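In: everything below, folded, please.
(one chain, ligands or ions: 1)
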Amino acid sequence: MRIELVQGDITTRAVDVIVNAANSSLLGGGGVDGAIHRAAGPELLAACRELRRTDLPDGLPVGAAVATPGFRLPARWVIHTVGPNRHAGQTDPALLASCFRESLELAESLGAQSVAFPAVSAGVYGWDAREVAETAFDAVTTFAASFEESGEDTAVDLVEFVLFSSEMVDVFRQVREGGPVWG
Ligand code: ADP
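Out: Presented below is the predicted three-dimensional model:
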């Protein structure tokens, strides 16, 4: 499984799955969530409302993931996950790791070969970029290793971290290379 760092707008990625850093309501928000809803078109909000009406009347729990089509996006599916909100006292890294793991498991079950993640919880939800990067790499490599141990191949063979700012790319690069993060 390859892991690549990309600077840019995740809504432009022509991958099988883009992951949305959503909130529990699934009814849209700011940041990457707002950008994904704008690019996917109103059908995405309608699909999310339908999920709320049927499977998720109380919303999507923190650390969980659910899939919808990508509608007008180049990506085939959107996997919505809810990162922990540090400002609401959600400081357990296991919750953030769960976002990455559950999204990958769901992507795998869809047969997706390529998955793009944003820096979940590193925006409005207030997590430190380095902690997000460490958790993200750890979750992806653990996911890949669990398949290797079982002798199976993953459907997912490309994971992209698509990061809006060059500073965020630098943090992810430093974490991948195991070096210090400056600034
Ligand atoms: P959260 O509420 O989980 O913190 P945010 O959307 O506020 O989610 O921020 C998560 C990260 O996504 C931030 O680093 C933010 O800069 C980045 N981001 C915002 N828009 C986009 C986009 N279109 N593509 C990729 N990343 C984005």
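In: and residue 10, its phi and psi?
Out: Per-residue torsions, residue 10: phi -60, psi -20 (degrees, to the nearest 10).
In: swap that for residue 160, please
Out: With angles defined as degrees, to the nearest 10, residue 160 sits at phi -110, psi 140.
In: burial count for it?
Out: The local packing of residue 160 (other Cβ atoms under 10 Å) involves 21 other residues. For the C-beta atoms, the positions are set from N, CA and C on the backbone; glycine is no exception.
In: and the chain, which of its residues are near the ligand?
Out: Taking Cβ under 6 Å from any ligand atom as the measure of proximity, the chain contacts the ligand at 9-11, 21, 31-33, 35, 83, 118-125, 162, 164, 168.
In: what do you get if the cut-off is 5 Å, keeping everything else the same?
Out: Within the chain, the residues that sit near the ligand (Cβ under 5 Å from any ligand atom) are 9-10, 21, 31-32, 35, 83, 118-119, 121-125, 164.
In: drop anything exposed from the residues you listed.
Out: 10, 21, 31-32, 35, 83, 118-119, 121-125, 164 (16 or more other Cβ atoms under 10 Å).
In: can you tell me which of the residues of the chain next to the ligand are in helices?
Out: Taking DSSP state H as the definition of helices, these contribute 31-32, 35.
In: from those, which is closest to the ligand?
Out: residue 31 (2.1 Å; Cβ to the nearest ligand atom).
In: and for the closest one, nearest residue in space, chain neighbours not counted?
Out: residue 123 (4.7 Å; Cβ to Cβ, 6 or more residues apart in numbering).
In: now pLDDT too, for the ones in helices among the residues of the chain next to the ligand, in JSON lines please.
Out: JSON lines is the format used below for these (pLDDT from 0 to 100):
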{"residue": "31", "pLDDT": "97"}
{"residue": "32", "pLDDT": "98"}
{"residue": "35", "pLDDT": "98"}
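In: ok, residue 31 to residue 67 distance?
Out: As judged by Cβ to Cβ, to the nearest Å, residue 31 and residue 67 stand 20 Å apart.
In: sorry, slip of the keys, the one I care about is residue 51.
Out: Residue 51 sits at a distance of 9 Å from residue 67 (criterion: Cβ to Cβ).
In: identify the bridge partners of residue 5.
Out: For residue 5, the beta-bridge partners under DSSP bridges are residue 161.
In: that older thread, residue 51 and residue 67: which has the busier surroundings?
Out: Shown here are residue 51 and residue 67; by other Cβ under 10 Å, residue 67 has more neighbours (20 against 17).
In: put the alpha carbons of the helix or strand where that one lies into PDB.
Out: For residue 67, the enclosing helix or strand under DSSP states H and E is strand 65-69. Extracted C-alpha coordinates of strand 65-69, given in PDB (Å, rounded to 0.1, in the frame of the first residue of the first chain):
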ATOM      1  CA  ALA A  65     -17.700   6.200   9.400                       C
ATOM      2  CA  VAL A  66     -20.500   6.000   6.900                       C
ATOM      3  CA  ALA A  67     -20.500   6.100   3.000                       C
ATOM      4  CA  THR A  68     -22.500   8.000   0.400                       C
ATOM      5  CA  PRO A  69     -22.000   8.300  -3.300                       C
END
